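**Q** no sequence for this one, just the structure:
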């Protein structure tokens, strides 16, 4: 299917009309809105309205949870920059993996179900990460470095708290459920696999943050792309294992 087919044209017109309407809402920077429009146009063309609305819900809830307790986090020096508004680097760092799977689905490569599971798992992981990080920074009690269990300050890369960990699990389950509601995934087994994968990838992101991020000067956006990729890989392999055990 051509990238200039009716679905892509419609997606482009819809997304940029919505951006013109909502661009003053302080969710994103100007560049962030443009990037979101490009992302949304491609998602609509590849996965129709179901894939588009799933990611819109991800962006909405990710932005909402970032705003929770923002004044407190800002005073502690651990709040997201720009008042929590997302820039283009945030959009692409979070969505690059999912976009890859959406394009694979569009071009009908190999097993489409595997790509849909990978797509769902990438966003489940990212929302889990956002829920865990933002809730943990605001409401987390004791925070421990995941690799040594040494007590650290809130907001430390690789730091985890009980409250943040529970929030991560909730975020992964919530996003996986959204993917089920909009038929990106279709069974309870797929829901369970995607939820587990998103949570495990968030734990792996904490390990990467603790051991490698500062050492190798990894940007948050690169770590996000790695985390979402890990989630997708785990989900696909878990589903393949499930199919093999079922046969």
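**A** Noted; the coordinates are in hand. Remember, it's a predicted structure, so these values are computed and weren't measured experimentally. Residues are numbered from 1 along each chain as shown.

**Q** what's next to the helix or strand of the chain with the lowest mean pLDDT, contact-wise?
**A** Lowest by mean pLDDT, DSSP states H and E among the helices and strands of the chain is helix 70-76, with a mean of 81. With contact meaning CB atoms under 8 Å, 6 or more residues apart in numbering, helix 70-76 is reached by 79, 80, 83, 84, 134, 137, 138, 154, 155. C-beta here means a position set from N, CA and C on the backbone, and glycine is covered the same way.

**Q** at 7 Å instead, please
**A** The contact list for helix 70-76, computed with CB atoms under 7 Å, 6 or more residues apart in numbering, reads 79, 84, 137, 138, 154, 155.

**Q** next one: stretch 154-165
**A** 76, 78, 132-133, 135-137, 139-147, 152, 206-207, 209-210, 213-214.

**Q** does residue 46 really touch residue 102, like I thought?
**A** Yes - using CB atoms under 7 Å, residue 46 is in contact with residue 102, at 4.1 Å.

**Q** give me the more crowded residue out of those two.
**A** residue 102 (26 against 23; other CB atoms under 10 Å).

**Q** before we move on, back to that, name the helices or strands packed onto the helix or strand following the least confident helix or strand of the chain?
**A** The helix or strand immediately downstream of helix 70-76 is helix 88-106, counting by DSSP states H and E. Here helix 88-106 touches helix 30-67, helix 112-139, helix 220-246, going by 3 or more CB pairs under 7 Å, 6 or more residues apart in numbering; DSSP states H and E.

**Q** could I get these as CSV with mean pLDDT and distance to residue 175?
**A** As requested, those are exported to CSV (pLDDT from 0 to 100; distance: least, CB to CB, whole Å):
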stretch, mean pLDDT, distance to residue 175
helix 30-67, 92, 6
helix 112-139, 94, 4
helix 220-246, 95, 10
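
**Q** which of the ones you listed is buried the deepest?
**A** Mean neighbours per residue, mean count of other CB atoms under 10 Å, is largest over the helices and strands packed on helix 88-106 for helix 112-139, with a mean of 26.

**Q** can you tell me the closest non-neighbouring residue to the residue nearest the centre of the chain?
**A** In the chain, the centroid-proximal residue (CA atoms, centre = their mean) is residue 126; its distance is 2.5 Å. Distance criterion CB to CB, 6 or more residues apart in numbering; nearest residue to residue 126, sequence neighbours excluded, is residue 94 at 4.9 Å.

**Q** need the contact list for residue 69.
**A** residue 138.

**Q** can you read off the pLDDT for it?
**A** We have a pLDDT of 85 for residue 69.

**Q** ok, now residue 100?
**A** The per-residue pLDDT of residue 100 was computed as 95.

**Q** how many neighbours does it have?
**A** 18.

**Q** can you give me the distance of it to residue 153?
**A** 35 Å (CB to CB, to the nearest Å).

**Q** same check, this time on residue 122
**A** From residue 122 to residue 153 the distance is 30 Å (CB to CB).
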